[in-house]
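*Asks:* my questions are about this predicted structure, shown below with the sequence.
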Amino acid sequence: MGRVREGDLDWTETDRGETRFRRKQLAEAAGGEEIGCSLYELPAGAKSWPYHYHAANEEAIYVLAGEATLRHGGETEAIAAGDYVAFATGDSGAHRVVNEGDEPVRYLAMSTMTEPDVTVYPDSETFGVYVGSPPGGRDERSLSGYYDIDDTVDYWEM
């Protein structure tokens, strides 16, 4: 049994323009392999990872504290402490959490840890490929990268 106390973990910080949050990777610290779980804190005015969906991994969030706006499947809705939202694989599961309020929002984000996976970012018309370790995984990847959706190579020109 893997066990970790959240208070014993340090925060990692991501600050990339409008994407700004603190994160504690709980599942990784506890030795989890097939289910990922991270604690996120999204400050006022910040957004989570860019709007995206996965081809192979389901995700879910559980809001612990605060209120936010969830962009999901082309619509937006308010979410608050006590709300649990599941995101299916495929474009119907596209999502992003936005904190338009004045107080931080804390939530758990959980996911299956399936690889290979492809993550699609509809707003930027790009996608990411992960082989050898899933998104959020720490193992070495044999193939990974981010690409424009319109980048194509003819099969016979490879």
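*Replies:* Right, received. Where do you want to start? From a predicted model like this one, the values you see are computed outputs, not experimental measurements.

*Asks:* hey, let's count contacts and neighbours off CA atoms from now on
*Replies:* Fine.

*Asks:* need the residue closest to the centroid of this protein.
*Replies:* residue 49 (5.9 Å; C-alpha atoms, centre = their mean).

*Asks:* could you pull out the helices for this structure?
*Replies:* Along the chain, the stretches classed as helices by DSSP state H are 26-29.

*Asks:* for it, give me the ranges with low pLDDT.
*Replies:* Counting by pLDDT under 70, not a single residue of the chain qualifies.

*Asks:* all strands of it, in order?
*Replies:* Per DSSP state E, the chain carries strands over the ranges 12-16, 19-25, 35-42, 53-54, 59-65, 67-72, 75-80, 84-87, 95-98, 105-112, 117-121, 126-131, 143-148.

*Asks:* tell me the most buried of these?
*Replies:* Across the strands of the chain, the average number of neighbours (mean count of other C-alpha atoms under 10 Å) peaks for strand 53-54, which reaches a mean of 25.

*Asks:* from the chain's centre, how far out does it sit?
*Replies:* Mean C-alpha position of strand 53-54 versus that of the full chain (C-alpha atoms, centre = their mean, to the nearest Å) differs by 9 Å.

*Asks:* ok, that strand: who's next to it in the sheet?
*Replies:* Here strand 53-54 is paired, per DSSP bridges, with strand 117-121 (antiparallel).

*Asks:* roughly how far apart are residue 123 and residue 148?
*Replies:* Noted for residue 123: a distance of 11 Å to residue 148, by C-alpha to C-alpha, to the nearest Å.

*Asks:* sorry, wrong one. I was asking about residue 71.
*Replies:* 22 Å.

*Asks:* please name the residues that touch residue 133.
*Replies:* By C-alpha atoms under 8 Å, 6 or more residues apart in numbering, residue 133 lies in contact with 115-116, 139-141.

*Asks:* filter these down to the buried ones, PyMOL style.
*Replies:* Filtering the contacts of residue 133 down to the buried ones (16 or more other C-alpha atoms under 10 Å) takes a single PyMOL command:
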select buried, resi 115+116+141
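
*Asks:* closest one to residue 30 out of the contacts of residue 133, please.
*Replies:* residue 139 (15.4 Å; C-alpha to C-alpha).

*Asks:* can you pull the contacts of the closest one?
*Replies:* Per C-alpha under 8 Å, 6+ apart, neighbours of residue 139: 132-133.

*Asks:* dihedrals phi and psi, it?
*Replies:* The phi and psi values for residue 139, taken as degrees, to the nearest 10, are phi -70, psi 160.
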